[in-house]
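Undergrad: sequence and predicted model, in that order:
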Amino acid sequence: MENKAITKIGVLTSGGDAPGMNAAIRAVVRAGFYYNLEMYGIYRGYEGMIQNEIKKLESKNIAHILERGGTFLKSARSAEFRTEEGRQKAYDNLKKHGIDALVVIGGDGSLTGAHLFFKEFGIPAIGIPGTIDNDLAGTDHTIGFDTACNTAIEAIDKIRDTATSHDRLFFVEVMGRDAGFIAINAGIGSAAAATLIPEKKMPIERLVERLKARTKAMKTSNIVIVAEGGKSGGAAEIAEKIKKQLPYYDIKVTILGHLQRGGAPSSYDRVLASKLGVSAVEGLLHGKHDVMAGIINNKIVFTPISKAILGDKEVDEDDFRIAKILST
Ligand code: ATP
């Protein structure tokens, strides 16, 4: 099954970190060793590729990382990789080490970089969706999404204790600049009064009506989840807009922020990352390139990166409807 041309694979993590990236790196490296390949860690994403921060990995480098949050290879955003000169430097460094294939773990930006790099230099690259945002097509879930949802829900449960004790109205902002996947899941999983996501506009008047109706129904706590990229603004902005219309409420805002990126990956993310890591290496050995490994309906699938990054993955209408039904 092995394609003799590939003997040395470089692996990197890029863009925002996500819980489960370490598990993915481990699976890539372990699979590489299983197929008798040399494996190289490229530190700090594309920036490290440009700065030649590349090291041959041994088994000990990946011991006990499966359960750790973050990424031991570190991640970075590289402005220089967006330039032709930067990518040329990166290519020259790969050649110095004899690296003949890449596995890129990251979000849509990182995969866009991999796609471009493959088109320019022909180095076979396979992407692994590593982002808490879940905004890549070609996979039901991205690595880190499940853990981020668990973290958000756990935090919201705690907020609810104080919301209930004081009859407070809380606006909780979760991550998701362009995608409401974390918000809609956190909304359903934490019994939110409403969920505001970037994909759909909820007029402020409708939100006020819903909250008034809940007051009448004697609901003892109200938590509104707001995705950071919401069409009506962030949590603080919405709270400000609404406060005059609900004067009897003590309104508070909590921004969960970067805590959603941290922590040990959930079992779901560990398993997903492990399956995708092995599949990426096997995909390369089968001659696949310029594709992203994903899982759809429990089956490994390879989707052209150009399709995965289109940004057309949407929050399921059913999820949106269910969140609405459960919040009234
Ligand atoms: P997240 O979803 O967590 O934001 P991401 O992978 O989308 O992760 P980005 O900052 O968009 O994060 O991209 C990571 C890196 O990928 C960039 O810093 C840049 O080096 C590279 N990259 C992104 N877009 C391009 C592009 N169009 N051309 C070349 N490189 C790119």
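TA: Right, received. Where do you want to start?
Undergrad: for the nearest residue to residue 183 once chain neighbours are set aside, report the pLDDT, please.
TA: Spatial nearest neighbour of residue 183, chain neighbours left out: residue 227 (3.8 Å); criterion: C-beta to C-beta, 6 or more residues apart in numbering. Quick note: C-beta positions are derived from backbone N, CA and C, even for glycine. pLDDT recorded at residue 227 is 95.
Undergrad: wait, residue 227 touches residue 185, no?
TA: No: taking contacts as C-beta atoms under 8 Å, residue 227 lies outside contact range of residue 185: 10.9 Å.
Undergrad: between the two, which one's more packed in?
TA: Shown here are residue 227 and residue 185; by other C-beta atoms under 10 Å, residue 227 has more neighbours (29 against 24).
Undergrad: contacting residues around the lowest-mean-pLDDT helix or strand in the chain?
TA: Least confident helix or strand of the chain, by mean pLDDT, DSSP states H and E, is helix 204-216 with a mean of 88. Residues from elsewhere that reach helix 204-216, judged by C-beta atoms under 8 Å, 6 or more residues apart in numbering: 169, 193-194, 196, 222, 224, 232, 238, 241-242, 245-246, 248-249, 327-328.
Undergrad: between these, which is nearest the ligand?
TA: Closest approach between the contacts of helix 204-216 and the ligand, by C-beta to the nearest ligand atom: residue 196, at 20.3 Å.
Undergrad: partner residues bridging the closest one?
TA: Going by DSSP bridges, residue 196 is paired in beta bridges with residue 226.
Undergrad: test my guess that it contacts residue 184.
TA: No: proximity of residue 196 to residue 184 does not meet the contact threshold set by C-beta under 8 Å, at 9.9 Å.
Undergrad: is it correct that residue 194 is in contact with residue 327?
TA: Yes: between residue 194 and residue 327 there is a contact at 5.6 Å, judged by C-beta under 8 Å.
Undergrad: intersection of neighbour lists for those two?
TA: Joint contacts of residue 194 and residue 327 (C-beta under 8 Å, 6+ apart) are 187, 210.
Undergrad: where does the chain dip in pLDDT?
TA: 1-4 (pLDDT under 70).
Undergrad: residues in contact with the residue in the stretch 101-250 of the chain that the ligand sits nearest to?
TA: Relative to the ligand, the nearest point of the stretch 101-250 of the chain is residue 109 (2.0 Å; C-beta to the nearest ligand atom). Residues near residue 109 by C-beta under 8 Å, 6+ apart: 14, 15, 77.
Undergrad: tell me the most packed of these, by neighbour count.
TA: residue 14 (32 neighbours).
Undergrad: coming back round to it: the contacts of helix 204-216 in strands, which ones?
TA: Residues of the contacts of helix 204-216 located in strands (DSSP state E): 169, 194, 196, 222, 224.
Undergrad: quick one: the helices in the stretch 101-250 of the chain?
TA: Residue ranges of the helices in the stretch 101-250 of the chain, as given by DSSP state H, counting those that start in this stretch, are 108-121, 145-165, 181-189, 204-216, 235-242.
Undergrad: next, format those as JSON lines and append distance to residue 258.
TA: Listed next are the helices of the stretch 101-250 of the chain as JSON lines, based on distance: least, C-beta to C-beta, whole Å:
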{"stretch": "helix 108-121", "distance to residue 258": "18"}
{"stretch": "helix 145-165", "distance to residue 258": "10"}
{"stretch": "helix 181-189", "distance to residue 258": "13"}
{"stretch": "helix 204-216", "distance to residue 258": "26"}
{"stretch": "helix 235-242", "distance to residue 258": "15"}
